[in-house]
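Trainee: Next input, structure requested:
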Amino acid sequence: MPLSQAEDPIQLVQRIKLWGEELGFQQIGISDTDLNTAERHLHDWLDKGFNGEMQYMAAHGLKRSRPALLQEGTRSIISARMDYLPESPVASQQLLDDPAAAFVSRYALGRDYHKLLRNRLQKLADKIAEAIGPFGYRAFVDSAPVLEKAIAEKAGLGWIGKHSNLINRRAGSWFFLGEIYTDLVLPSDQPAGNHCGHCQACLDICPTQAIVGPYQVDARRCVSYLTIELHGSIPVELRPLLGNRIYGCDDCQLVCPWNRFAKLSAESDFKPRHRLDQATLIELFQWTEAEFLQKTEGSAIRRIGHLRWLRNIAVALGNGKPTDAAKAALTSRLNEDAEMVREHIIWALQRLNAA
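Mentor: Numbering: from 1, shown residues only. Here you go, the predicted model:
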């Protein structure tokens, strides 16, 4: 929707950015809808089969890379980022170094970010409507076929690093993204330049070597994919590489030099819940399904379900020290009804007994 002469587009964008800051976003950027380069990269990634079981990455045709096909009339995209880092990276590394501790990706320690960000984006859209009247829009937070990182890069929020995460020069990469597709014709921000240089720390640190080349991630080897997206058995050859990571992986972010500029989040909803930032593997392995559902209510973790939760922890226990307590915890669930869980428990016990 073209704006009237009385509504200067440049001034409106300035107001949108100010409103975004007031709503708790750390940055707002504007982009157009031309994602041709990202579309080619996506198709190349899919052709290589790097998406694994994530068939949804290919299920929507061109809607993911052509915004107007997803939301008719889209002319501009408002992209927003919000910091989520709940604790010092030093604390995260200490957990990874303790084989008895359970490591959960930092983004999942608190409440599910989807609702919080979508609510803030809706408030931002309401403020725009109050200023200019009704307009066409739709807000997204990882909830539809949207190339959010490519859009954010075009909107100047950062660049896509060699690990495929978005990096901001002043804020690192510990942030969530959300978008408002709109029919407003708004001036675009300058796309962010790439500042990875010759650094390949993320490639070197990846525990499963899933970053098969700069800007190329084979999800089938990625710890996040294996512990969250994969529904069946984790490949035996990859299990020892997971260490104590039971939900996601942050290694590539922990080692990225740009994250020395990252700031802790001020959002209370992103703070750790139910001791997930300090729990032991044995403690979490003892959760009943009812406990799992109760303690993951409002959490991103709930999506994997209790069985995959047990599967992941069984592998982590098998990668730990062969203590009597670890063996007893695994043995206590040997009669688990689910064959998939039982198979991982047996593997873990064999590892511990061999050790």
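Trainee: Give the burial count for the nearest residue to Arg302 once chain neighbours are set aside, as a bare number.
Mentor: Excluding its sequence neighbours, the residue lying closest to Arg302 (Cβ to Cβ, 6 or more residues apart in numbering) is Thr296, at 4.0 Å. (C-beta placed from N, C-alpha, C; glycine too.) By other Cβ atoms under 10 Å, 23 other residues sit near Thr296.
Trainee: Next, the contact list for Lys17, please.
Mentor: By Cβ atoms under 8 Å, 6 or more residues apart in numbering, the contact list for Lys17 reads Ile28.
Trainee: ugh, typo on my part, it should be Val315
Mentor: For Val315, the contact set (Cβ under 8 Å, 6+ apart) comprises 234, 239, 242, 344, 347-348.
Trainee: who wins for neighbours among those?
Mentor: Neighbour tally across those (other Cβ under 10 Å): the maximum, 28 neighbours, falls on His344.
Trainee: And it, how far from Pro235?
Mentor: In this view, His344 and Pro235 are 12 Å apart by Cβ to Cβ, to the nearest Å.
Trainee: and what of Gln200?
Mentor: Distance of Gln200 to Pro235, computed by Cβ to Cβ: 25 Å.
Trainee: on that earlier part again, of the contacts of Val315, which belong to helices?
Mentor: 344, 347-348 (DSSP state H).
Trainee: May I see these organised as a markdown table, with pLDDT added?
Mentor: Shown next, in a markdown table, are the ones in helices among the contacts of Val315 (pLDDT from 0 to 100):
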| residue | pLDDT |
| --- | --- |
| His344 | 98 |
| Trp347 | 98 |
| Ala348 | 98 |
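Trainee: possible to save those as TSV with distance to Leu42?
Mentor: Shown next, in TSV, are the ones in helices among the contacts of Val315 (distance: Cβ to Cβ, whole Å):
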residue	distance to Leu42
His344	32
Trp347	35
Ala348	37
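Trainee: Of those, which is the nearest to Gly318?
Mentor: Within the ones in helices among the contacts of Val315, proximity to Gly318 (Cβ to Cβ) peaks at Ala348, which comes in at 2.8 Å.
Trainee: Now that closest one. Nearest residue, chain neighbours left out?
Mentor: Gly318 (2.8 Å).
Trainee: Same check on Arg221?
Mentor: Ala210 is the one closest to Arg221 (Cβ to Cβ, 6+ apart), at 3.9 Å.
Trainee: so Leu177, which of the three states?
Mentor: Under DSSP: H, G, I helix; E, B strand; the rest coil, Leu177 falls in the strand class.
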